[in-house]
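Participant: My questions concern the predicted model and sequence given below.
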Amino acid sequence: MKPVKILMNKATLNTFIANCAPFLYNWYKTYKHRQRRISNGSKFPEQTFYLIGCDDPNGGLFWLMNKALMHIAYAEEKGWISIINLQSYITQYTRPEMKGKTNIWEMFFKQPYGYTLADVSEAKNIVINKLEPSPTPKYLMGQDAFYNNAERIRFFRDLYQKHIHFNENTEKYLLDIKNKVFGNRKNIIGVLCRGTDYTSLKPKGHPIQPTPQMVIEDTKEAMKHYNCDTVFLATEDQDILNIFQSHFGSHLLYIEQERFCQKNISKGELLAETRRRTIPNFDPYTAALQYLSAIWLLTQCDCFIGGRTGGTKGVLIMSQGFKYQYIYNLGIY
C-alpha cells in the first residue's frame with residue numbers, strides 16, 4: 001500500500017498546530033518534571049544513584065542548597081546515593097561557556113557521597129529527580145512547618161552536617177573572611193536584612209520582610225539582654241547598610257561586596273538580573289562566594305535576627321544554634 005499524502009493549506013495547518021500545541025506543551029512539561037529512571041551501562045549494579053538538579057536562573061545559592069537537602073532526605077530514605085547535578089541545568093551562576101561542562105555545585109561544595117557525574121557515566125541504575133523543590137510533601141522545607149518546628153530544623157541540620165561540606169577553596173575563603181571581618185571580636189549579634197528586589201517586588205506567596213527600623217530596634221534590645229556589643233549585618237541593599245551605619249557606627253561589621261540601592265533596581269527586575277545589567281564583566285562566582293560568606297558568618301555569631309528567607313533557612317541549618325534567635329513572622333505578600 002502506498003503512503004497516503006495529507007494535504008493542508010496554511011490556514012488548516014495553523015489550526016491543527018494551535019489545537020495540538022497545548023497538548024504537546026502539557027505533555028512536555030509533565031515529562032520534564034517527572035522522576036525517571038535511566039541506565040547508562042553496567043557499572044555499580046548494586047547501587048542506585050539519584051541525580052539532583054534543576055533549572056533556576058535566578059535562585060540564590062541557598063535556595064539551591066535547600067532544594068538539594070530536600071532531595072537528599074528523600075534519596076536517603078530510599079537507600080539511594082545522591083549526586084548534585086548543576087552541570088546539566090542553568091543557575092544564575094552558570095556562564096554561557098560553563099553550560100554542560102561545569103558542575104556549579106562543585107565550585108562551592110563537595111558531592112554528598114563523593115561520587116561525581118563522571119563516576120556514574122556508565123552506571124546501571126540512575127534516577128533523575130523530579131524537577132520540583134521537594135520530591136514529596138514529607139520533606140518540603142516550607143514556612144511555618146519549618147520555622148515553627150524545632151525538630152524539623154534539627155532534622156535538616158543533621159542532614160546538612162552529614163552530607164554537605166565545603167570544598168577546600170571555599171573553606172579557606174570563608175576562614176580568611178572571618179579573620180578579616182571579625183578579628184578578635186566576640187559577643188556578636190548577626191542580622192540578616194533583605195531589601196532590593198525582595199521588598200520592591202513583594203513576590204506573591206513569599207514572606208513579608210521586616211523594615212530596617214524594626215530590625216534595628218529589635219537588635220538594640222537583644223544587645224542589651226545578651227551582652228552583645230557588635231552587630232554583623234548581612235544585606236545586599238546599600239540603603240539598608242547606610243541606615244545601620246548611622247545607628248551602630250564602629251560597632252557594625254559587614255563584608256565588602258557589590259550592593260544596590262532601591263533606585264538601581266528597574267521595575268519588575270530580580271537582583272540577579274540587576275547584577276548582570278549593571279556590573280561590567282560581572283563574575284557570578286565571586287558574587288556567590290560573597291553571599292555565601294555573609295550567610296556563613298551569621299552562623300558564627302552568638303545571636304541571630306532575620307526575616308524569613310532562603311538565607312535564613314541556611315543560617316539555621318548550618319549553625320549549631322544561638323544563645324538567642326528571632327525570626328520575623330509577618331505573613332506573606
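Facilitator: Thanks, I have it.
Participant: switch to C-alpha atoms for all contacts and neighbour counts from now on
Facilitator: Will do.
Participant: what sits against residue 309?
Facilitator: residue 207 (CA atoms under 8 Å, 6 or more residues apart in numbering).
Participant: repeat that for 10 Å
Facilitator: Counting by CA atoms under 10 Å, 6 or more residues apart in numbering, residue 309 makes contact with 62-63, 143, 192-194, 198, 206-209, 315, 327.
Participant: How about residue 53?
Facilitator: Counting by CA under 10 Å, 6+ apart, residue 53 touches 64, 67-68, 71, 83-91, 105, 128-133.
Participant: Which residue lies nearest the spatial centre of this structure?
Facilitator: In the chain, the centroid-proximal residue (CA atoms, centre = their mean) is residue 63; its distance is 1.9 Å.
Participant: how much space between that one and residue 46?
Facilitator: Distance, residue 63 to residue 46, using CA to CA, to the nearest Å: 32 Å.
Participant: got it, and residue 282?
Facilitator: According to CA to CA, residue 282 stands 44 Å off from residue 46.
Participant: now do residue 211
Facilitator: Computed with CA to CA, the distance linking residue 211 and residue 46 is 54 Å.
Participant: Likewise for residue 159?
Facilitator: In terms of CA to CA, residue 159 sits 24 Å off from residue 46.
Participant: related to what we said a few turns ago, for residue 282 and residue 46, work out which one has more neighbours and name it.
Facilitator: Set residue 282 next to residue 46 and count neighbours by other CA atoms under 10 Å: residue 282 wins out with 12 against 8.
Participant: Which element, helix or strand, includes that one?
Facilitator: For residue 282, there is no enclosing helix or strand under DSSP states H and E.
Participant: could you pull out the helices for the protein?
Facilitator: Counting by DSSP state H, the chain has helices at residues 10-33, 61-78, 144-147, 150-163, 168-182, 196-201, 212-225, 238-248, 271-278, 284-299, 310-318.
Participant: Give me the distance from the shortest one to the chain's centre.
Facilitator: In other words, helix 144-147. On the basis of CA atoms, centre = their mean, to the nearest Å, helix 144-147 sits 17 Å off its chain's mean C-alpha point.
Participant: Would you mind writing the CA trace of that helix as CSV?
Facilitator: The C-alpha trace of helix 144-147 is given here as CSV (Å, rounded to 0.1, in the frame of the first residue of the first chain):
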residue,chain,number,x,y,z
ASP,A,144,5.6,27.5,59.4
ALA,A,145,6.3,23.8,59.0
PHE,A,146,10.0,24.6,59.1
TYR,A,147,10.4,27.8,61.3
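Participant: on contacts alone, who are the packing partners of that helix?
Facilitator: helix 150-163, helix 310-318 (3 or more CA pairs under 10 Å, 6 or more residues apart in numbering; DSSP states H and E).
Participant: in the shortest one, what counts as buried?
Facilitator: Yep, that's helix 310-318 we're talking about. Using 16 or more other CA atoms under 10 Å as the test for burial, helix 310-318 gives 310, 311, 312, 313, 314, 315, 316, 317, 318.
Participant: before we move on, the earlier item: so the residue nearest to the centre of the chain is in contact with residue 134, correct?
Facilitator: No - the criterion here is CA atoms under 10 Å, and residue 63 misses it with residue 134 at 11.7 Å.
Participant: re earlier: which stretch among the helices of the chain comes nearest residue 121?
Facilitator: Closest to residue 121 of the helices of the chain is helix 61-78 (CA to CA; 19.1 Å).
Participant: Kind regards, and thank you for your time.
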